[in-house]
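In: Next input, structure requested:
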Amino acid sequence: MDSLQGFETLNSNPSFTALTPNFPGSLSMTTVTTTGKGNGNPLSVTASSSSSTSPTTLSRYENQKRRDWNTFGQYLCNHRPPLSLSRCSGAHVLEFLRYLDQFGKTKVHTTLCPFFGHPNPPAPCPCPLRQAWGSLDALIGRLRAAFEEHGGKPEANPFGARAVRLYLREIRDSQAKARGISYEKKKRKRPPQAPPSPPPLNQRQ
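Out: Predicted coordinates:
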């Protein structure tokens, strides 16, 4: 699955602590600290909090959700002009997803490519790399959950906006055609039911 953490910061300082976005009182976001060398490489994103570290070990899903939430918070801070979460809409979420495409690792063939619709191309081609639909779909699911966990109302959740759902569906369908694969979930086959046992002999008479 594509990495969603390697985005480049727009800040000219190679090492800095980003300011927490201006959230309303009911919403919160962990302060994001970015570190990196002045060699043009993408900066890593780590979370820092003034509260004591919880001894409870988080699951892989919870850790990824926290990193995604911090990544989106960094994106809001670096946005020009800076955005607060309360002003974030589905359009801004789409802008974020398109921004992540530059860090994608999935080859998506164009209609002019001879390998369009070929699941296993026999040779390289100059088609662009994009974020895979599965990565984006999972990312939006985690961010949608994180938004509500941080005090956001479900009806105001920008990650659940209709425009975001339609965009993900369009990405799924276009990548399926370009890559010659199917994203349709396979229906689980129900195990065959055993035939009913015959009644006892004393009931046959």
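In: does H109 sit in a helix, a strand or a coil?
Out: Three-state assignment for H109 (DSSP: H, G, I helix; E, B strand; the rest coil): coil.
In: counting contacts, what elements does the helix or strand hosting V93 pack onto?
Out: Following DSSP states H and E, one finds V93 within helix 90-100. Other helices and strands packing on helix 90-100, by 3 or more C-beta pairs under 8 Å, 6 or more residues apart in numbering; DSSP states H and E, are helix 60-78, helix 133-149, helix 162-179. No exception for glycine: its C-beta is placed from N, CA and C like everyone else's.
In: got a list of contacts for the second one?
Out: I take that to be helix 133-149. 1-2, 4, 61, 64-66, 68-69, 72, 85, 93, 97, 100, 104, 106, 154, 157-160, 164, 168, 171-172, 175-176, 183 (C-beta atoms under 8 Å, 6 or more residues apart in numbering).
In: Just the buried residues from these, in ChimeraX please.
Out: Buried residues among the contacts of helix 133-149 (16 or more other C-beta atoms under 10 Å), as a ChimeraX selection:
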select :2,4,64,65,68,69,72,85,93,97,100,104,106,157,158,159,160,164,168,171,172,175
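In: can you list the helices and strands packed on helix 90-100 in TSV and add distance to C113?
Out: Rendered in TSV, the data for those read as follows (distance: least, C-beta to C-beta, whole Å):
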stretch	distance to C113
helix 60-78	31
helix 133-149	18
helix 162-179	8
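In: among those, which is nearest C125?
Out: helix 162-179 (11.3 Å; C-beta to C-beta).
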